[in-house]
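Structure of the sequence below:
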Amino acid sequence: MTRIHDRSDTREIALDRVGIAGLRYPLRVPVRAGSDARADGVVGLWVGLDADERAAHMSRFVSTLEANREQPLGPEAVRRLLEALRENLGSRSASTEIRHPYYIVKRAPTTGAESRLACDVTVEASLNEGGFDHVLSVRVPVLSVCPCSMETTGGDSHSQRGHVTVSVRTQGRVWIEDLVELVETSASAPLYPLLSSDDERTVIEAAHDRPVLVEDLARNVAERLDADVRVLWYSVEARNLDSVHAHDAYASVTRTPRELKAGEADGGET
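Just a heads-up that it's a prediction; the model follows:
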């Protein structure tokens, strides 16, 4: 008996992506200090479908992920996953999107109290005849103090919690922690889940010593990425959740500071 998946299609329409999306699955994520961490991921897996093919075998997407899920999700592991996907589905192209939280250990500046800050991570990768492409994105919450308010009031200012999303293509290992630290040093101050009153005072005073507009925040991040020889391409989006206006403040920039050749960027380490 011939299965529907194996029958041909006569409409002469190739499909760019066929597969699964929104699959919650346990994953392993590399940690800069060594070893790896467990993460609850949301995974999409796709292959290209030729015009004469009727359908893809959906079960093969999950079985391929299951066979590869114990590999920590660095670029090479993601590439091996896509290679296996192409082989198992008989396709010329494969791609994935993997989203998961990543917890950064934070120590309060005065008391040293330990807590964990959640950052959102997304890995987007594709493998086709043009090569392998890998983009690592990290969304980092930060604190910003408005210099315009400080100028208006003569010193006092409202503080804004916001976030910066950094996406990179790289030519070497870039850890999630690297990007988090880069963003935090570009803002007025980092955020901490756990602070005492003494810690809060330290954070607020430090933030007022380093006020930044949302434009400053985006440019500070971009300047640091420009200086990192591992970074071939990046996109930065900064958004401050304004505390005195009925809108957010937003700035973004996309740049290619170094030559990016097709199929050569390995996307760093996730």
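
Assign a three-state SS to Tyr102, would you?
Of the three states, Tyr102 takes strand under DSSP: H, G, I helix; E, B strand; the rest coil.

Lowest mean pLDDT among the helices and strands of the chain, which one is it?
Counting by mean pLDDT, DSSP states H and E, the chain has its least confident helix or strand at helix 147-153, which shows a mean of 74.

Identify the residue nearest Asn240 in space, chain neighbours excluded?
Gly162 (3.7 Å; C-beta to C-beta, 6 or more residues apart in numbering). (C-beta placed from N, C-alpha, C; glycine too.)

What residues of whichever strand or helix holds the one you found count as buried?
Counting by DSSP states H and E, the element that carries Gly162 is strand 159-170. Across strand 159-170, burial judged by 16 or more other C-beta atoms under 10 Å covers 159-160, 162-170.

Which of the residues you listed sits closest to Val183?
Nearest to Val183 out of these is Val164 (C-beta to C-beta; 4.7 Å).

tell me which residues form a beta bridge with the closest one?
Beta-bridge partners of Val164, counted by DSSP bridges, are Val140, Ala238.

okay, it: pLDDT?
Note on Val164: pLDDT of 98.

cool, and Asp9?
69.

Tell me who's in contact with Pro257.
225-226, 231-234 (C-beta atoms under 8 Å, 6 or more residues apart in numbering).

Now it, what are its backbone angles?
Backbone torsions for Pro257, taken as degrees, to the nearest 10, come to phi -70, psi -20.

I'd like to know how far it sits from Ser186.
16 Å (C-beta to C-beta, to the nearest Å).

before we move on, back to that, any idea which of the buried residues of strand 159-170 is closest to Asp248?
Nearest to Asp248 among the buried residues of strand 159-170 is Gly162, at 7.7 Å by C-beta to C-beta.

quick one: that closest one and Val142 touch, right?
Yes. Look at Gly162 against Val142 with C-beta atoms under 8 Å: they come within range, at 5.8 Å.

So which residues of the stretch 1-150 of the chain form helices?
58-68, 75-89, 147-153 (DSSP state H, counting those that start in this stretch).

Could you measure from Asp36 over to Glu97?
20 Å.

In the stretch 1-150 of the chain, where is pLDDT below threshold?
Where the stretch 1-150 of the chain drops to pLDDT under 70, the residues are 1-6, 9.

What are the boundaries of the strands in it?
15-30, 36-49, 94-107, 114-128, 131-145 (DSSP state E, counting those that start in this stretch).

Take these and lay them out in TSV including mean neighbour count and distance to Arg210.
Shown next, in TSV, are the strands of the stretch 1-150 of the chain (neighbours: other C-beta atoms under 10 Å; distance: least, C-beta to C-beta, whole Å):
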stretch	mean neighbour count	distance to Arg210
strand 15-30	16	31
strand 36-49	19	31
strand 94-107	18	18
strand 114-128	18	19
strand 131-145	22	7
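
Thanks a lot, see you next time.
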